[in-house]
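**Q** pasting the sequence and the predicted coordinates here, then a few questions.
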Amino acid sequence: MEKDKIEQAVQSAVDRYDANRAELIPILNDINRSLGYLPREALAEVGQRLKTPPSKVMSVATFYRMLSVEKMGRHVIQFCESAPCHVVGGKAVWDSLRETLEIEAGETTPDGKWTLTTVSCLGICGVGPVMVIDDEVFGSLTPDQIPGILSKFN
């Protein structure tokens, strides 16, 4: 990734939160959204600008599932693997996702379009099985809906 783009994303996020160390999570979240992930160079730069040890910045970046230190696809699918989603057909929907995308959990498609992840719970069990693509929620899913939903994303 271009160094200028990384520096710009870090500068923007740090400025937005007035270089306040207490805002480390929102700062990292802004950078993650801007760049699609948190490159090591960005984490080092955040540490320097906030006068925070690199180990602390890395531990926060790797603790929260909303953040990623690995390059992600343009679209990130979070699929709920909780028991309530599972008992209402989640496994069949999960299998359809994996087969349609031809990847497993934690992988990104070769074209860089999709990253498939699982989460413990999305907190909307009443409409399970559930997945979130980017920031859009899809509930009461069936396996046959997966290709149509995915086709809506460029």
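**A** Nice, I can see it.

**Q** could you use CA atoms for every contact and neighbour count after this?
**A** Noted.

**Q** neighbours around Ser59, how many?
**A** If you count neighbours by other C-alpha atoms under 10 Å, Ser59 ends up with 10.

**Q** hmm, I was thinking of Glu136
**A** That count, for Glu136 with other C-alpha under 10 Å as the rule, works out to 8.

**Q** and the gap between it and Ser12?
**A** 25 Å (C-alpha to C-alpha, to the nearest Å).

**Q** equivalent analysis for Asp95, please.
**A** With C-alpha to C-alpha as the criterion, Asp95 and Ser12 are 40 Å apart.

**Q** pick out whichever of the two has more residues nearby.
**A** Ser12 (16 against 13).

**Q** in whichever strand or helix holds that one, what counts as buried?
**A** Ser12 is part of helix 3-16, with elements assigned from DSSP states H and E. By 16 or more other C-alpha atoms under 10 Å, the buried positions in helix 3-16 come out as Ile6, Glu7, Ala9, Val10, Gln11, Ser12, Ala13, Val14.

**Q** list just the nearest of these to Gly128.
**A** Ala13 (34.8 Å; C-alpha to C-alpha).

**Q** ok, the closest one - contacts?
**A** Ile27, Leu28, Asp30, Ile31 (C-alpha atoms under 8 Å, 6 or more residues apart in numbering).

**Q** state the distance from the residue nearest the centre of the chain to Thr108.
**A** Closest to where the C-alpha atoms of the chain average out (C-alpha atoms, centre = their mean) is Met66, at 5.0 Å. The gap separating Met66 from Thr108 is 16 Å, by C-alpha to C-alpha.

**Q** residue most distant from the centroid, this structure?
**A** Lys51 (26.3 Å).

**Q** re the thing from before, buried members of the contacts of Ala13 into PyMOL, please.
**A** In PyMOL, a selection of the buried entries from the contacts of Ala13 looks like this (16+ other C-alpha under 10 Å):
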select buried, resi 27+28+30+31
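
**Q** give me the domain ranges for the chain.
**A** 3-63, 75-150 (automatic domain parsing).

**Q** what mean pLDDT does stretch 111-128 have?
**A** Taken as a whole, stretch 111-128 carries a mean pLDDT of 94.

**Q** first-to-last residue distance for it?
**A** First residue to last in stretch 111-128 (C-alpha to C-alpha) measures 29 Å.

**Q** quick one: it to chain centroid distance?
**A** 9 Å (C-alpha atoms, centre = their mean, to the nearest Å).
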